[in-house]
Structure formats: structure tokens, C-alpha cells
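In: for reference, the sequence and a predicted model appear below.
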Amino acid sequence: MSDARIPGAFLRPGTSSFSDFLAENAPDLLPARRSLPAGSAAEIAPHGTTIVAVTFPGGLVMAGDRRATMGNVIAQRDIQKVFPADEYSVVGIAGTAGLAVEMVRLFQVELEHYEKIEGSILSLDGKANRLSALIRANLGMAMQGLAVVPMFAGYDLDSGTGRIFGYDVTGGRHEEASFFTVGSGSLFARGALKKLWHEGLSSDDAVRVCLQALYDAADDDSATGGPDLTRRIFPIVWVVTADGAVQLDEAAIGALADQVVGARFERPDGPLAPLPGGGEETQA
Amino acid sequence: MSTPFYVSPEQLMKDRADFARKGIARGRSLAAVQYADGVLLVTENPSQALHKVSELYDRLAFAAVGRYNEFENLRIAGVRLADMRGYAYDRRDVTGRGLANAYAQTLGTIFSSGGEKPYEVEIFVAEVGSSADEDQIYRLTYEGRVADEHGFAVMGGDSETVSSYLSSHYAAGASLGEALSVAVAALGHTGDGDRVIPVEDLEVAVLDRTRTQPRKFSRLRPARVAELLGPRGTPEHAAPLPEDGASGSGASGSDSDDPADPTDQVSGNVPPLEHPTNGEPPSGEPPVAPPL
């Protein structure tokens, strides 16, 4: 091209969506636009596993373990699976790690791009819907075993609460009021959250609840990593409140993880939930 | 067949430059000032919604004066270029020099192409580095010239007056409050005297290297600006300008045919302002077809 000026497509007003702009002008940069040969590709790429999120009054906590697996092999022990999406929201990923990280990168730019072009932040539902669209575009690859199933959560500036959104591979989204888990260890983590979560958790207790749930997931799921005490690798934890999303620093999580592990020496199955009516004689 | 008039290239470029310069000088001035923690961008802008200063990327800001629709297009193009480059490579690979070059090529091509009217805009691309030595302010003019400014820079409106005020009052390494006070005083300075610009009419943004987030751009709200400026004299609004948009109106609905008013509802009674082909003043006689 001899004309050195910025191409016309960049100057044309229209879309505020970065992924729509890429689809029109540089489709090969989109993670979902790659064609795969037929057959399953599930075994060739590392998979990320368990993410948990819980709400508390005025915010939420999202935490993820650090393990990526490839079949029976631990592909990476310090992978990051919870990312900030923008100032007030976070996204956690489960599924094919490479694609998921690229999708998160695209999602981050998508939100920032909208904010810069329009001069205002997308609503929390708007952000959740944009992530739906990105997941839906990946459906073809998901059917060949390269599924990406993220979880999105953020602080809703309008209602002043923390909200959690879960997804399926087709991009369908659903909102969870209290807590949610995703990934291979999610069933075990969810069982733990059911017994530990209650309304009116403090933000510190919400972090403890997440670490307990991840410990239980690692206890029963080989693809989820527990706290690695020898290497000092601990789950990544993000706390989102009206002040924005903040990642807890390594030292703080290390201290909490030591508490959790210490208590498991006493009781390997973790904290005991009270049983209503327990100890009473049943009526014959 | 009509013979086209010969216009020398010098004259053509001069006319286009005069046209663009006049458009830019009609607006209000915008100042970019380096301070201890980054770059401060200030202008007088009564509109809260139509910004003249905005974010381009992590360490880059965009500021413009002139025609809003033209610089808004350039701003959006800059955001798209920066986001695409950062996504395809890495966030650190988006630089002020790259964007300034892209803008310069675009403005230069439009200015020298005969078919388009030149853009009536002037642009700053400001970049904040990890120390004050690495901060940059690029100035881009309507004809695609790029200049690398140090300390402070002013564009638009009566930029010479504002610039001369700044050059006698600017001190390198000032705090944000000091730099803002000097810049606001400079914008209110005219040949006839000084005016205190009301806080709500100021658009202020900074690229602040001390922010912990990767995105260093931040707008300062009026309350914060007032706090930084401290007590001042009685504020005075500026006289409205065409760029403020307040003068826009619908059809005037006047019953008389005024050739200068394109919105009047009557036509045909007054001869056109001048002869459409030879430019002579109207004679009053209707034009007659030449004999066969």
C-alpha cells in the first residue's frame, strides 16, 4: 500500500467493540477464527481446572488453584487462572488453558476499548453478555475438545453488590446469587461451599471459605492443585469491592493457607458444619 | 469549454494552510505541561460530555483542538491502532512515537491531497515514562508536521499569548497543584487582562506515573481541581464561541428572503449574492440565454 495514512476502516465511526472491529479488519487475530483438522484435539493442550467465587455483602471473592494438567501429567504448577477483566470485575478460566488465556486477553481489551471509545464503563450485564459472545464464537473448537468455560464476576456499581455469572460452552450465561464453582474439581468445591457459605460473611471469611473449598477440591480431584507448601505456591485470590478489584498478595494468602492446612492436621476433612436437630432422639 | 485558472502550488498550499489555521484559532487554547509525576493536560471546555482530552493507551493521552468531528475520528483511529497493536504484540509495544507517526502521515496526506479539505485540527500525543526524562509531548499540526515539545506546549486559540505567559512562569519539576495553577492562569491570560476560569469549565486530565494501575491516564473531577487550585478570585465564564454549540438553531422562519441566512423559509425574490459563473455583482436584470 503506497498510501501511508491510517486505513479508512480505523477512521470510520461505528462499532465500539474491539472484537467486532478485529472480525472485520484482522480476523486472523481472533482466537476463535482458527480452523482445526477433524478429530479431537482435547489431549494435546494443557487444561486448567478449578475456580471458585463467593459473594459477601458489598463485594465478592474469586479464587483459583494453580495447576494445569495434560492427561496424567501436571503441565504447569503455577499457572494463573483468575484475571482482572477491568477495574470492577474479574474473570476465571477453566478448560483449554492456551485458548482461555487468549480469550481473557481479548475480553480485557474489549472492555477497555469500549470504555475509551464511549467514555463510560459498560454495565455489569453488558460485560457478561460480551463474554457470552466470545465463548459462543469458540463453539466449533469446543466440539473438538478445546472447550473454554470461564466464570465472570464483578461489582455492580448500580446495585452496590457483588454478582457472579456462570457460562456453558454455547455461551449461555446464568447468574448465581451466592457462590459458584467451575472446572474439574468444581463438584467437590461446591459441596464444601454449600456447608461453609452464609449470608453476611466478612471479606476475610469469604477468602477463608474459598481456600477451604479449593482444598476440598484438590483433596478429591487429581487435576486440582492444593497449596504447595514446599514451593510456596498458593491459590490466586481476587477481592472485588466498590474500591475496585484487588489481588491479595502472596504473603497474606500464604498465612491463610498455612492456617487452613494446619487445621487439616487436626481434622483432615475440614471444618465441621453444625447439624440442626443433631443429638435429639427421633420420634418413634 | 472553460479554461481552468492557473494557481501556483505555493498559493494553493498557502490558501489551505490559512484555511486550517483560521479554523484552529477560532477555538480555545489547550495546554500540556510536564510536572514532577507526569504530564498535565488542561483546557477550558464548558461541555462535560464532549472531551478534548482523552485516553489512548496505558501511558498515552490524546488532546486536540479544532473541529470536533475531525479530531474525534482521529482519536477513535488512535484507540483502535493502539489496542490492536497491544493485542497483537504486547502492551509495552504501543509507543507515542508510533501513534504520532501514524497521525502525521494521515494529516499530511489529507493536507496535500487536492481532493479533500484539510483537517482543521491540532493534536498533542502525550506519553509518560518511568521518569520525567522519558516523558514526551508530540505536537501534530494540520499539515502533518511533528514536533517534540519539552516542558510545556500550547495549541489552539490565542496560543502565542498563553505560551508566552507559560514560558515566563513555568518551572520544571513542579507539583501537580503548582503546575495546574500556572496552566489555568495561563489559559485565563489575555492581552486585555487576566480572567479566573470557573472550575466547572475546566477539563483537566493527567498521565500520572505514580498510579499503581497500568493505565496511567486519569481525569480530575471539578472537586479535585478546586482543591488543587486553592482560593482564587471571582470566576468569570468565557464569552460563548461557535464551537460551544449553543448557537445552533433550527429554521429561523423569517418571512424575508435573506441570502446570508440559509434557514429562512422564503426564496426567489432576491437575486443571488453574485453571478454564479463570472462572480460579478448582480445587475438586477435576469440572465438571458445567448443568441443561437
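Out: Yep, it's here. Small disclaimer: the values here were computed from a predicted structure and weren't measured. Residues are numbered from 1 along each chain as shown, chains lettered A, B, ... in the order given.

In: residue numbers of the stretch 51-200 of chain A in contact with chain B?
Out: A:87, A:105-106, A:109, A:112-113, A:116-117, A:119 (CB under 8 Å from any CB of the partner chain). For the C-beta atoms, the positions are set from N, CA and C on the backbone; glycine is no exception.

In: could you redo the last one with a cut-off of 7 Å?
Out: A:105, A:109, A:113, A:116-117, A:119 (CB under 7 Å from any CB of the partner chain).

In: quick one: buried ones out of those residues?
Out: A:109, A:113, A:116-117 (16 or more other CB atoms under 10 Å in any protein chain shown).

In: can you flag which of these belong to helices?
Out: If you go by DSSP state H, these have A:109, A:113, A:116-117 in helices.

In: can you lay out the residues of the stretch 51-200 of chain A next to chain B as JSON lines showing pLDDT?
Out: What follows is those, written out as JSON lines (pLDDT from 0 to 100):
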{"residue": "A:105", "pLDDT": "95"}
{"residue": "A:109", "pLDDT": "96"}
{"residue": "A:113", "pLDDT": "96"}
{"residue": "A:116", "pLDDT": "95"}
{"residue": "A:117", "pLDDT": "94"}
{"residue": "A:119", "pLDDT": "90"}
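
In: if we can go back for a sec, now for the buried ones among the residues of the stretch 51-200 of chain A next to chain B: which two are most distant?
Out: A:109 and A:117 (11.8 Å; CB to CB).

In: low-confidence stretches in chain B?
Out: Scanning chain B for pLDDT under 70 picks out the ranges B:1, B:242-288, B:292.

In: the helices in the stretch 101-250 of chain A, which residues?
Out: A:124-137, A:139-142, A:186-196, A:203-220, A:250-266 (DSSP state H, counting those that start in this stretch).

In: mean pLDDT and mean neighbour count added to those, as TSV?
Out: As requested, these are exported to TSV (pLDDT from 0 to 100; neighbours: other CB atoms under 10 Å in any protein chain shown):
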stretch	mean pLDDT	mean neighbour count
helix A:124-137	94	19
helix A:139-142	87	17
helix A:186-196	96	20
helix A:203-220	96	22
helix A:250-266	95	14
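
In: and those helices: which comes nearest residue A:156?
Out: The nearest among the helices of the stretch 101-250 of chain A, by CB to CB, is helix A:124-137 at 4.5 Å.

In: now that closest one: how far from the chain's centre is it?
Out: 14 Å (CA atoms, centre = their mean, to the nearest Å).

In: got it, and stretch A:274-284?
Out: 39 Å.

In: buried stuff in that stretch?
Out: Of the residues in stretch A:274-284, none is buried (16+ other CB under 10 Å).

In: grab the CA positions of it and hand them over as PDB.
Out: Presented in PDB, the C-alpha positions along stretch A:274-284 are these (Å, rounded to 0.1, in the frame of the first residue of the first chain):
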ATOM      1  CA  PRO A 274     -23.400 -27.700  62.600                       C
ATOM      2  CA  LEU A 275     -26.200 -30.200  62.200                       C
ATOM      3  CA  PRO A 276     -29.700 -28.800  63.100                       C
ATOM      4  CA  GLY A 277     -31.600 -31.100  65.500                       C
ATOM      5  CA  GLY A 278     -28.500 -33.200  65.800                       C
ATOM      6  CA  GLY A 279     -28.200 -35.400  69.000                       C
ATOM      7  CA  GLU A 280     -32.000 -35.300  69.700                       C
ATOM      8  CA  GLU A 281     -33.900 -38.600  69.900                       C
ATOM      9  CA  THR A 282     -36.000 -39.200  66.800                       C
ATOM     10  CA  GLN A 283     -39.700 -39.800  67.500                       C
ATOM     11  CA  ALA A 284     -40.700 -43.400  67.100                       C
END
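
In: what residue is smack in the middle of the chain?
Out: All of this refers to chain A. residue A:92 (1.4 Å; CA atoms, centre = their mean).

In: let's do chain B instead
Out: residue B:65 (0.6 Å).

In: so residue A:106 sits against residue A:131, correct?
Out: No - between residue A:106 and residue A:131 there is no contact, the gap being 9.9 Å when judged by CB atoms under 7 Å.
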